[in-house]
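Visitor: Test case, fold it:
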Amino acid sequence: MKYLIIIAAVLAVCLLTASRCRRNPSPNETLPPDGVVEEVVPGVITEDNGASDNPFRAIAQTAAQKEVSARVLDFSLRFFSDMATRKDGDVMVSPFSLSMCLSMAGAGANGDTYTQIADALGFKGLDAGQVGEWYAYMAAALTDADRSSSIAIANAIWAREDLPLLPEYLRIATESYRSEASNLDFRQPEALRTVNGWISERTGGMIPEMLSVLNPATQLILANAVYFKGSWREGKFRSRKMDFTDYRGNKDKRDFFYGKREMRCFANNYVSLCAVPYGNGAYEMLVALPSQTLGLDGLLKELNAGAWADLRGEMEYRDVEFAMPCFESRTTLESDELKAVLEGYGLTLPFSRFDADFSKMSSRPLYIDMILQKTAIDVNEKGTEAAAATVIGMLEATAIPDPEPPFRFIADRPFVYAILERSTGTILFAGVKRL
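Guide: Below is the predicted model of the structure:
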């Protein structure tokens, strides 16, 4: 894990979570009051950056929407911290992609299975309709936030032709999650190319092969893809070679981009923060550099929604002499890794072939067999390109009768024994045990 690079992966939290905290306004700026509902695009202009046709506008939210956003942020930081701590090397995750894909599955869950999904994602007490409405609103708002940057959020469902999906579930999936829905024969080689092709197209080619194999017994696949491409707000940085020290203490020359610009920043004895904006300022990369005393592991342990909000609230505009390395990073969260983390959040029933209840999705019993995420990010002096995809594969939960009680055989008294060849019955040795 490289001090700057892995924390730059917080981009996946700051950029791809559907919860954008407010910045500190300058004296001449105003923001919409709490609870005011505005249209996403025609909101109050807080910053125009000289581009009146693409100003920065804060995403307006009702009090209820803000509450959901706060919960999503809490899950995002917890998930990011857990995965970054578990995995070695550079790590980037997309909490938003994972939670949206799991929520789409949760819309078809019932009873305790739904409760576990909702609780794990921070949606305790909310029904599937409320969660879906929030995603519908935020997906539209996020894609409209900056027309000079490219951001796309897409969902898809592929079902076997003979799998009966319930009309109400399809309505929620297509209306709230804007999901494409189609049939697919997972027994055919074309199925793998279809899923991988859809994800590659919607991630700008950054994730060309999401799946290497596909279980022919698959009944249903849910997929989410998130893509971002943005240029630095004040244009291209300069570049040069600089020393970088990795987490092992090894130092070498890397390509850095650097410059002096006005940006929001903050520093205390434990961490330094700098927010590098894209486009009209709606999106930013927040880079957190821990002190040598705290260290990267210490910072990851301290990441939570409260500390995050406090630190962001302290950030102010200042002239910053800024430099960070150009880098590319690719991360795969395998199914076993994701299941282990999610089970730690209490998510067990959806993965059980005996106890999962997705009866609001289909009359056929289903359970989650596979959950996988891949991410990619390229950062250089021009800007950033990032993508993530999450896939959930579901199998039929065939009912298995309760097993018979085991046959009991305890040789605790004299017995006869023989050693024989099984197919012919030829006895090689025979004996009796009396003593």
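Visitor: Which residue ranges of the chain form helices?
Guide: 3-8, 11-14, 63-86, 95-106, 111-121, 128-144, 167-175, 189-202, 295-302, 305-314, 335-344 (DSSP state H).
Visitor: would JSON lines of the ones you listed with distance to residue 327, mean neighbour count and mean pLDDT be doable?
Guide: C-beta here means a position set from N, CA and C on the backbone, and glycine is covered the same way. What follows is those, written out as JSON lines (distance: least, Cβ to Cβ, whole Å; neighbours: other Cβ atoms under 10 Å; pLDDT from 0 to 100):
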{"stretch": "helix 3-8", "distance to residue 327": "5", "mean neighbour count": "22", "mean pLDDT": "39"}
{"stretch": "helix 11-14", "distance to residue 327": "11", "mean neighbour count": "24", "mean pLDDT": "40"}
{"stretch": "helix 63-86", "distance to residue 327": "15", "mean neighbour count": "19", "mean pLDDT": "91"}
{"stretch": "helix 95-106", "distance to residue 327": "20", "mean neighbour count": "26", "mean pLDDT": "96"}
{"stretch": "helix 111-121", "distance to residue 327": "30", "mean neighbour count": "20", "mean pLDDT": "96"}
{"stretch": "helix 128-144", "distance to residue 327": "24", "mean neighbour count": "20", "mean pLDDT": "91"}
{"stretch": "helix 167-175", "distance to residue 327": "36", "mean neighbour count": "16", "mean pLDDT": "94"}
{"stretch": "helix 189-202", "distance to residue 327": "22", "mean neighbour count": "18", "mean pLDDT": "96"}
{"stretch": "helix 295-302", "distance to residue 327": "15", "mean neighbour count": "16", "mean pLDDT": "88"}
{"stretch": "helix 305-314", "distance to residue 327": "23", "mean neighbour count": "15", "mean pLDDT": "89"}
{"stretch": "helix 335-344", "distance to residue 327": "22", "mean neighbour count": "16", "mean pLDDT": "95"}
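Visitor: nearest to residue 261, of those?
Guide: Among the helices of the chain, helix 3-8 comes nearest to residue 261, with 17.1 Å by Cβ to Cβ.
Visitor: Tell me what residue 238 is bridged to.
Guide: For residue 238, the beta-bridge partners are residue 258 (DSSP bridges).
Visitor: Ok, residue 223 next?
Guide: Judged by DSSP bridges, the bridge partners of residue 223 are residue 156, residue 391.
Visitor: how far away is it from residue 194?
Guide: 11 Å (Cβ to Cβ, to the nearest Å).
Visitor: Find residues that contact each of those two.
Guide: Both residue 223 and residue 194 are contacted by residue 158, under the criterion Cβ atoms under 8 Å, 6 or more residues apart in numbering.
Visitor: Quick check: which of the helices of the chain is nearest to residue 324?
Guide: Once those are compared by Cβ to Cβ, helix 3-8 is nearest, at 5.3 Å.
Visitor: In the sheet, which residues pair with residue 374? Tell me.
Guide: Residue 374 has these beta-bridge partners by DSSP bridges: residue 332, residue 389.
Visitor: Burial check on it, number of neighbours?
Guide: Neighbour count of residue 374, defined by other Cβ atoms under 10 Å: 25.
Visitor: so it makes contact with residue 334?
Guide: No: Residue 374 lies out of contact with residue 334 (Cβ atoms under 8 Å); the separation is 9.8 Å.
Visitor: Common neighbours of the two, please.
Guide: When Cβ under 8 Å, 6+ apart defines a contact, no residue borders residue 374 and residue 334 alike.
Visitor: how close does residue 273 sit to residue 92?
Guide: Residue 273 is 18 Å from residue 92, by Cβ to Cβ.
Visitor: Likewise for residue 234?
Guide: With the distance defined as Cβ to Cβ, residue 234 ends up 25 Å from residue 92.
Visitor: now the nearest residue to residue 278 once chain neighbours are set aside, which residues is it bridged with?
Guide: Leaving aside its sequence neighbours, residue 278 sits nearest to residue 230 (Cβ to Cβ, 6 or more residues apart in numbering; 3.4 Å). Taking DSSP bridges as the rule, residue 230 bridges to residue 384.
Visitor: separation between residue 230 and residue 270?
Guide: 29 Å.
Visitor: higher neighbour count, the two?
Guide: residue 230 (24 against 14).
Visitor: In contact with that one: list those residues for me.
Guide: Applying Cβ under 8 Å, 6+ apart, the residues near residue 230 are 146, 148-151, 278-279, 283, 383-384.
Visitor: try 7 Å this time
Guide: Going by Cβ atoms under 7 Å, 6 or more residues apart in numbering, residue 230 touches 149, 278-279, 283, 383-384.
Visitor: do the same with residue 365
Guide: 396-397.
Visitor: can you pull out the strands in the stretch 251-400 of the chain?
Guide: Counting by DSSP state E, counting those that start in this stretch, the stretch 251-400 of the chain has strands at residues 251-267, 271-277, 284-290, 316-325, 327-333, 366-379, 383-396.
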